[in-house]
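In: How does the following fold in three dimensions:
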Amino acid sequence: MGIPLREKKHFALTGSPLGHSISPFIHTELQKRAGIIADYKLIEADKSELESCFKERLLSLDGFNVTIPHKTGIIPFLDGVSKKAELFGAVNTVAVKDGKTKGYNTDCTGFIRAIGGAGIDLDGRVLILGDGGVSRMFIFESALAGADITLAVRNTAKAEGLKRELKKKLNYDCKLTVLDGADGEYDLIINGTPVGMYPYTDKSPLSEAAVKKSKAVFDAVYNPGETLLLKYAKENSLKYLNGLSMLVWQAAAAEEIWNDVKFSGEDIDEVIRLSEEYLKDE
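Out: Residues are numbered from 1 along each chain as shown. Okay, here's the model as predicted:
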């Protein structure tokens, strides 16, 4: 008797736009290291298409990731969410089993492991830029770490709801300011906006004058590897880190949920290195 063939699994990323996502590359490299037979595709869907996409395409998968603009919008369609995803009000990973779906937030795992590896602390004065899905995670994780948070957004009226939610869930008060007026001295600036992302590489959410007063910068953007925001940090001798290591770590956490596997630090370092090379060739 021959060895039975393992069934191929199917995973994907949904969001919009997805044109330059390297998630398929990262997940394929992780799956190789874990011996998982699978594919990973991009399924682009805008806000108006999310419900039909979920019912007609995503439910047939073994699991999927969620990115802008669906990290909060996906939640009403799911059968349940993890405690962290419920706390953040944002989901980036969904497991599908026997037609049932459960949402998780592995961005938090990726973020904490990434900044920890770079020697960046989260318990000081933190300026968080943006109030979208990934910024929600940044603000809750920073609050849990005891940081003194200022949230800089385009629309403070909209962000008041997030401020009230933070107070209700964690009894935590954060400060609010507008992006254009964000100034002051911070131990860490965290960019959760897409400003500076390819192809708009000549943009920064903050001026150099605002950046240089701080000690460290983390930019969730990973393409390009050095955004204008990070260039400001580099030129002023600040600690800085782009979003690639967070992306790889959160992808590994998703694979652990979907496939009950584990990855070593060496595995992750190698996938980060290969991903950097892949981006250079893009």
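
In: From now on I want contacts and neighbour counts done on CA atoms only, so please keep to that.
Out: OK.

In: Against F140, how distant is K262?
Out: Applying Cα to Cα, to the nearest Å, the value for K262 to F140 is 26 Å.

In: ok, now D123?
Out: Distance from D123 to F140, by Cα to Cα: 12 Å.

In: Please say which of these two ends up with more neighbours.
Out: F140 (22 against 16; other Cα atoms under 10 Å).

In: which residue ranges form the helices in the chain?
Out: Secondary structure of the chain (DSSP state H): helices located at 23-34, 50-56, 83-88, 107-117, 133-144, 156-170, 208-211, 228-235, 244-259, 265-281.

In: Of all the residues in the fourth one, which ones are buried?
Out: So that's helix 107-117. Buried residues in helix 107-117, counted by 16 or more other Cα atoms under 10 Å: D107, C108, T109, G110, F111, I112, A114, I115.

In: Now do it: everything it contacts.
Out: Contacting residues not belonging to helix 107-117 are listed as 92, 121, 134, 137-138, 141, 218, 241, 245-251, 253 [Cα atoms under 8 Å, 6 or more residues apart in numbering].

In: 6 Å instead?
Out: Residues outside helix 107-117 that contact it (Cα atoms under 6 Å, 6 or more residues apart in numbering) are S245, M246, W249, Q250.

In: for the record, mean pLDDT for that helix?
Out: When pLDDT is averaged along helix 107-117, the result is 95.

In: ok, now stretch 69-82?
Out: The model assigns stretch 69-82 a mean pLDDT of 96.

In: same thing with stretch 34-51?
Out: 97.

In: Against K163, how distant is the residue nearest the centre of the chain?
Out: By Cα atoms, centre = their mean, the chain has its centre lying nearest to D107, at 4.5 Å. Noted for D107: a distance of 20 Å to K163, by Cα to Cα.

In: re earlier: could you dump the buried residues of helix 107-117 into JSON lines with distance to Y200 added?
Out: Shown next, in JSON lines, are those (distance: Cα to Cα, whole Å):
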{"residue": "D107", "distance to Y200": "23"}
{"residue": "C108", "distance to Y200": "26"}
{"residue": "T109", "distance to Y200": "28"}
{"residue": "G110", "distance to Y200": "25"}
{"residue": "F111", "distance to Y200": "24"}
{"residue": "I112", "distance to Y200": "27"}
{"residue": "A114", "distance to Y200": "24"}
{"residue": "I115", "distance to Y200": "25"}
